[in-house]
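# could you look at this predicted model? Sequence included:
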Amino acid sequence: MNRAAPALSVSGLDVSLAGASVLRRVSLEVRNGQSVGLVGHNGAGKTTTLRAVMGLIPSRGHILMGGVPVEAWEPARRARHGTGYVPEDRRLIATLTVAENLRLPAEACGAPTAEVERRLKAICALLPELEVLAPRPAGVLSGGQQKMAALGRALMIGERLLLLDEPFQGLAPAVARRYAETLASLRRHRPDTAILITESNPALLVSLVERVYTIERGEIVP
């Protein structure tokens, strides 16, 4: 991996779903240690962009992570490359405990047990509420607690790049403030981690990102 290269570089990204063009020539860049926003109305293509970056849907164009072309990689290999993804709907496994959900991606990526526990300890230090929630089944958590657990899960592997899809969607104001504080703390504790955040309301990202891309009808606009 080329440390001097951007954590994420996307160029000419096209996606078609069910015969309809959803993304057209999307290009964006997130440098190492940078926080970037991707804003647009619902249906503009924000989620599709992140899913394409993770390899969850077919796409055409160029996707580089740390200067490495990953277009041919399956999602699991992109995750092992240091990319964490937090989908809007969290996708926690309801019957597993919070601790089990957190460990799962690191274990799936082949991290040794000692390394998994080291990472888990670091995540709980950053998100102390997760230590309290650790023994609870994920299915009994509130929406805000699930958002925090999903963030912690992504951080277990997302040491180089973190993709957050609408993290503030549906959160009460107090919970949204806590989430924003967590992201600010993350920036202090992991200054080299790059973050790409999608959001419908640009005002929520003012204090969190250094650069904003706007997407409309599947295209990046000035």
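Received it, and whenever you're ready, just let me know what you need.

# excluding sequence neighbours, find me the nearest residue to Gly158.
Spatial nearest neighbour of Gly158, chain neighbours left out: Gly84 (2.0 Å); criterion: CB to CB, 6 or more residues apart in numbering. (Each C-beta comes from the backbone N, C-alpha and C, glycine too.)

# how near is that neighbour to Glu131?
19 Å (CB to CB, to the nearest Å).

# please identify the helix or strand for the residue nearest to Gly158.
strand 83-86 (DSSP states H and E).

# and that strand, what's its mean pLDDT?
For strand 83-86, the mean pLDDT works out to 95.

# can you name every helix or strand that it contacts?
helix 143-155, strand 161-165 (3 or more CB pairs under 8 Å, 6 or more residues apart in numbering; DSSP states H and E).

# so which of those is the most surrounded?
Greatest average neighbour count among those goes to strand 161-165 (a mean of 25), per mean count of other CB atoms under 10 Å.

# can you show me the CA trace of it as CSV?
Output of strand 161-165 as CSV, limited to C-alpha atoms (Å, rounded to 0.1, in the frame of the first residue of the first chain):
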residue,chain,number,x,y,z
LEU,A,161,-10.8,4.1,5.8
LEU,A,162,-14.2,4.5,7.4
LEU,A,163,-17.4,4.8,5.4
LEU,A,164,-20.5,6.1,7.3
ASP,A,165,-23.8,6.1,5.6
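
# between that strand and helix 143-155, how big is the angle?
Taking axes from the mean of the first three to the mean of the last three CA atoms, to 10 degrees, one finds strand 161-165 and helix 143-155 inclined to each other by 160 degrees.

# show me what strand 161-165 is in contact with.
Contacts to strand 161-165, defined as CB atoms under 8 Å, 6 or more residues apart in numbering, come from residues 7-8, 30, 46-47, 50, 53-54, 65, 82-88, 151, 154-155, 193-198.

# which is the next helix or strand following the helix ranked longest in the chain?
The helix that spans the most residues within the chain, counting by DSSP state H, is helix 173-189. Moving toward the C-terminus from helix 173-189, the next helix or strand (DSSP H and E) is strand 194-199.

# that following strand: how far from the chain's middle?
Taking the mean of its C-alpha atoms, strand 194-199 sits 7 Å from the chain's own mean (CA atoms, centre = their mean, to the nearest Å).

# having no further points to raise, I will conclude here.
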